[in-house]
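*Asks:* Need a 3D model of the sequence below.
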Amino acid sequence: MFSLSAATSTQADRPLRADARRNRERILSSALEVFARDGAEAQMDDIAAHASVGVGTLYRHFPTKEALLIALVREKLTRLTGVMAQAVEEDGEPGEVLERALREAAVAAAHDAGMQEVFSGVGPEVFAAVEPEQLKLNAVAGELIARAKRAKAVRDDLEPSDLAMLMCGLGAAMNQARPGFDWNRHLDLIIAAIRPASH
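*Replies:* Modelled structure (predicted):
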């Protein structure tokens, strides 16, 4: 379990020069790979080396490991929100639109499958720091769910928090190498579970 240090602010909210922006993107990309490889014990020095930046550059962007994890979770939520927001703009039967959005979100999550154990170990402080992004995701997912409910395409009691819980379970399945653990099958079961009983 991670605890959040007092120094969690980054430069993410400030306009960055092009070179600084590229450094930040390299750091985040490298952090995904190093955390996936080494787990929660990944070292900041290793992340800096993988990103081909100096340790000082890494710490200027992310003063602590917790700050780096917050940025990774924030990016994950923002990507998922983008998938859902794009689905809101689509025409089509609402249940099918929601299903396509979930499948696209699952494919995106598969790229972060190695990070699942790390993400599952972060403390409540990290999720508190990304609450604005979580609220945005819930709002967009809620709109898709509401449309599908009006079309009688999903269960009447389905809520955004249900999707979050189910997709977290899917992410855990993605990180399993044991026989029979096929995340595509897991996703099919999720989609079947959110449909009305009459389907």
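*Asks:* tell me how far stretch 29-47 is from the chain's mean position?
*Replies:* Centroid separation for stretch 29-47 versus its chain: 17 Å, with Cα atoms, centre = their mean, to the nearest Å.
*Asks:* ok, now stretch 146-161?
*Replies:* 22 Å.
*Asks:* So what would you say the end-to-end distance of it is?
*Replies:* Its start and end residues considered, stretch 146-161 measures 13 Å (Cα to Cα, to the nearest Å).
*Asks:* List the buried residues of that stretch.
*Replies:* 147-149, 153-155, 158, 160 (16 or more other Cβ atoms under 10 Å). The C-beta positions use only the backbone N, C-alpha and C, and glycine is treated the same way.
*Asks:* Nearest to Leu58 among the residues you listed?
*Replies:* Pro160 (34.3 Å; Cβ to Cβ).
*Asks:* For the one helix or strand in the chain whose mean pLDDT sits lowest, report the contacting residues that lie outside it.
*Replies:* Every helix and strand in the chain was compared by mean pLDDT, DSSP states H and E; the lowest is helix 116-120, with a mean of 75. The contact list for helix 116-120, computed with Cβ atoms under 8 Å, 6 or more residues apart in numbering, reads 35-36, 39-40, 42, 69, 72-73, 76, 112, 168, 171-172, 174-175.
*Asks:* Name the residues of that helix that come out as buried.
*Replies:* Of the residues in helix 116-120, 116, 118-119 count as buried by neighbour count, 16+ other Cβ under 10 Å.
*Asks:* Could you look up the SS state of the residue positioned nearest the centre of the chain?
*Replies:* What sits nearest the mean C-alpha location of the chain, by Cα atoms, centre = their mean, is Lys76, with 3.1 Å. For Lys76, the assignment made with DSSP: H, G, I helix; E, B strand; the rest coil gives helix.
*Asks:* Can you get me a residue count around the nearest residue to Lys136 once chain neighbours are set aside?
*Replies:* Nearest residue to Lys136, sequence neighbours excluded (Cβ to Cβ, 6 or more residues apart in numbering): Thr81, at 5.2 Å. Neighbourhood size, Thr81 [other Cβ atoms under 10 Å]: 20.
*Asks:* do the same with Leu170
*Replies:* Neighbour tally, Leu170, other Cβ under 10 Å: 22.
*Asks:* now swap in Ala192 and tell me
*Replies:* Ala192: 9 neighbours (other Cβ under 10 Å).
*Asks:* What of Pro179?
*Replies:* Neighbours of Pro179 under the rule other Cβ under 10 Å: 6.
*Asks:* The chain should start at 38 in everything you say after this.
*Replies:* Understood, numbering begins at 38; the last thing we discussed is Pro216.
*Asks:* Ser67 and Gln123, how far apart?
*Replies:* Distance, Ser67 to Gln123, by Cβ to Cβ, to the nearest Å: 27 Å.
*Asks:* When those two are compared, which one has more neighbours?
*Replies:* Shown here are Ser67 and Gln123; by other Cβ under 10 Å, Ser67 has more neighbours (19 against 13).
*Asks:* Check what pLDDT that one gets.
*Replies:* The score at Ser67 is 94. That number is its pLDDT.
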